[in-house]
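Trainee: Predicted model and sequence follow; I will ask about them next.
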Amino acid sequence: MTSPAAARGEAVRRRLVAAAVELIPERGWTAVSTRVLAERAGVTPSVVHYHFPSVQAVLVEAVLSAMRAVAGEFEPLVAAVGSAGELVDAMVAAVEQYTGADPTSLLFVEAYLAATRDAGLQAGMAQVLADLRAVISDRLRQLGVARPEDTAAVLAAAVDGLLLHRAIGPQVAPNVAGVLRRLV
């Protein structure tokens, strides 16, 4: 059984992480300060450093939590497909909700940039991507696709690339799923 103090502490950590998820897309990674984060979470600045060693640690936890959640949404989609073409269609359809300007897209764009300067964030993101590619490659193997690990890596990178391009604004080809289906 969790003590009331531990439960309150966990609730504060969750509020700090949720505030970071909101603030990163709004202000950019480097503009999230202890003061701004504490204000959004409804706590004093000292509470931030009581629960986390730094603001950077809060941001990393926030991004990795969000990335795990989005990657987790792919697992049931991947498991449900009956062919490699359906898998591509499901992946492309799953990311249609991300416009490049929505908060989740902006959060991930900021995280990719921050990961070039933070080895811990980079390693965490690499693990999330590796886990997602493993889910995709396992299903591709079951579907008889040759070189499933390589194919999963290319599909995941292509979908990530499409999302990054949307953040910049160029129109993505209307038949992107058809193009990607030819890879599998």
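Mentor: Now that the structure is in, tell me what you want to look at.

Trainee: What is the least confident helix or strand in this protein?
Mentor: When each helix and strand of the chain is scored by mean pLDDT, DSSP states H and E, helix 176-181 comes last, with a mean of 86.

Trainee: For that helix, buried residues please.
Mentor: Within helix 176-181, the residues that count as buried by 16 or more other C-beta atoms under 10 Å are 180-181. Bear in mind the C-beta positions are built from the backbone N, C-alpha and C, glycine included.

Trainee: next one: stretch 26-43
Mentor: Applying a neighbour-count criterion of 16+ other C-beta under 10 Å, one finds 29, 32, 34, 36-38, 40-41, 43 buried in stretch 26-43.

Trainee: wait, which of the residues you listed is closest to Ala80?
Mentor: Trp29 (35.0 Å; C-beta to C-beta).

Trainee: can you map out the helices along the chain?
Mentor: Taking DSSP state H to define them, one finds helices in the chain at 4-27, 34-41, 45-51, 55-80, 84-94, 103-115, 119-142, 148-168, 176-181.

Trainee: So for the longest one, what gets flagged as buried?
Mentor: For helix 55-80, the buried set under the neighbour-count rule, 16+ other C-beta under 10 Å, comprises 55, 57-67, 70-71, 74, 77-78.

Trainee: can you check stretch 94-108 too?
Mentor: For stretch 94-108, the buried set under the neighbour-count rule, 16+ other C-beta under 10 Å, comprises 95, 98, 100, 104-108.
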